[in-house]
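[1] what's the 3D shape of this:
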Amino acid sequence: MQPEAALPAVGATPRPPATLTQSPREPRPTSLSGKFRWALHWESALVVALVLTVALGAATSAEFLTVSNIFSNVCLLYGELAIMALPTTLIILSGEIDLSIASTLALSSSLVGYLSSNHWPMPLVIIVALAAGIACGLLNGLLVTRLNLPSLAVTIGTMTLYEGISEIILGPAIITSFPAAYTAIGVKAFPATGGLLSYSAVLFIVLAVVFGVVLHATPFGRSVVAIGWNKQAAQFAGIRVKRVKTALYMLSGLMGALAGILYTFRLSTAEADNGTTLILPVIAVVLLGGVSIFGGKGTILGVVLAVLVYCSLQSALLLTNFNSNALEIVTGALLLLSVLIPNAGEIAARARRFAGGHGTSAPSAKGGRPPASAQ
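    Below you'll find the model as predicted:
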């Protein structure tokens, strides 16, 4: 009879999230300090991982810590990936996912190439590409929030759709003629950084600060976390869940389009499939940053540290002449570890509930109620 008794506490009774999840043995939902301590522990582990990665890279290659390597094999090579990780963080925190952001990059790149080859002024080309990215995100958001379709299925579909539109725009053509003033943005160092940081890296730093403030210091950011933690409770609390999620998808489309513009300028090349392979590394970095795949838990600082760990590791492997095709193995391994390690407790709890652990008397004997009643 326990599962039936638990249902009203989840879906029928309009209580705040803390009431829904309160338990003497589980202080995390009711204690902000407890949640922040967990985040700091994970971020501390990422700092240790970063130090070890840098030490490994420096030990294996004398080129690893040089300015030229940091600029070319870290900042230039992974700037667009880092930018796309920021909106993806917010979407996963809200309990959803966006697998189409890399395809939005490709669509943006195709538009830049096509319009530029037709002699459109570059500022207008950039505006059109960014607007197209917002439209792509809006479509994702409407399908997920208005039609109540699962975001995984929706974004797999739109991923293919946007790639198809890119093929229609450019076909097999490869556009390589762009104004030198814009391609310089993609390959030259940002002024006053000593040749260390690219334009994309500086932009990522600025955006990371903005995203961090929005997530951790504004009502909108708290709404995102509340939705991911408990969607029903967020609705009862008056949060406009559909509007927030739609805004997140539009932001994701905008950042994907921005990454596409930078990607095109960096390579001075526009192709229909530009950047489409970046989606798995983006997801891997976000999860490595401690963002829960179940939503409601994670920090921007963790994702920034994960970006540094990932980029440093890839750079170290490239300098050791590691098989470039085998780099996907590293990404896949990081993706699995990123899901398993920070979410081990949640996965174990769900496994116990699936196995019928909520029907035992052990939780009650410890003073807590069965975990199933909190879900």
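[2] How many neighbouring residues does G171 have?
    By other CB atoms under 10 Å, the residues close to G171 number 11. Backbone N, C-alpha and C define where each C-beta goes, glycine included.
[3] ok, it touching A272?
    Yes: under the criterion of CB atoms under 8 Å, G171 is in contact with A272, at a separation of 7.1 Å.
[4] list the contacts for I300?
    With contacts taken as CB atoms under 8 Å, 6 or more residues apart in numbering, I300 has the following neighbours: 86, 89, 208, 211-212, 215-216.
[5] Quick check: which element contains the most centrally placed residue in the chain?
    In the chain, the residue lying closest to the centroid (CA atoms, centre = their mean) is T88, at 2.8 Å. With the criterion set as DSSP states H and E, the secondary-structure element containing T88 is helix 77-93.
[6] quick one, the very next helix or strand once past that helix and helix 77-93 angle?
    Tracing the chain C-terminally past helix 77-93 and defining elements by DSSP H and E, one meets helix 101-117 next. In this structure, helix 101-117 runs at an angle of 130 degrees to helix 77-93, with axes from the mean of the first three to the mean of the last three CA atoms, to 10 degrees as the basis.
[7] Dump helix 101-117 to CSV, keeping only the CA atoms.
    Output in CSV follows, covering the C-alpha atoms of helix 101-117 (Å, rounded to 0.1, in the frame of the first residue of the first chain):
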residue,chain,number,x,y,z
ILE,A,101,23.1,22.4,-30.6
ALA,A,102,26.0,21.1,-32.7
SER,A,103,23.6,20.8,-35.7
THR,A,104,22.6,24.4,-35.0
LEU,A,105,26.3,25.3,-35.3
ALA,A,106,26.4,23.5,-38.7
LEU,A,107,23.3,25.4,-39.9
SER,A,108,24.8,28.7,-38.8
SER,A,109,28.0,28.0,-40.5
SER,A,110,26.2,27.1,-43.7
LEU,A,111,24.3,30.3,-43.6
VAL,A,112,27.4,32.3,-43.1
GLY,A,113,29.1,30.7,-46.1
TYR,A,114,26.1,30.9,-48.3
LEU,A,115,25.1,34.5,-47.6
SER,A,116,28.8,35.7,-47.7
SER,A,117,29.3,34.0,-51.1
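[8] Report all helices and strands that it contacts.
    For helix 101-117, the elements it packs on are helix 77-93, helix 122-145, helix 151-170, helix 241-267, helix 279-288, judged by 3 or more CB pairs under 8 Å, 6 or more residues apart in numbering; DSSP states H and E.
[9] How far away from the center of its chain is the helix holding T88?
    Between the mean C-alpha point of helix 77-93 and the mean C-alpha point of its chain there is a distance of 4 Å (CA atoms, centre = their mean, to the nearest Å).
[10] What is it packed up against?
    Contact partners of helix 77-93 among helices and strands, from 3+ CB pairs under 8 Å, 6+ apart: helix 101-117, helix 199-217, helix 219-229, helix 241-267, helix 279-288, helix 300-319.
[11] Buried deepest among those, which one?
    When you average the neighbours per residue for each of those (mean count of other CB atoms under 10 Å), helix 101-117 leads with a mean of 28.
[12] Tell me where the stretch 1-150 of the chain is predicted with low confidence.
    Where the stretch 1-150 of the chain drops to pLDDT under 70, the residues are 1-40.
[13] burial measure for P150, as a count.
    With neighbours defined by other CB under 10 Å, the count for P150 comes to 12.
[14] which residues does the closest residue to it other than its chain neighbours contact?
    Ranked by CB to CB, 6 or more residues apart in numbering and with sequence neighbours excluded, the top spatial neighbour of P150 is V144, at 7.8 Å. Residues counted as contacts of V144 (CB under 8 Å, 6+ apart) are 96, 150-151, 154, 245-246, 249.
[15] can you list those in a markdown table and add distance to M255?
    Formatted as a markdown table, these follow (distance: CB to CB, whole Å):
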| residue | distance to M255 |
| --- | --- |
| E96 | 15 |
| P150 | 22 |
| S151 | 17 |
| V154 | 18 |
| K245 | 16 |
| T246 | 15 |
| Y249 | 11 |
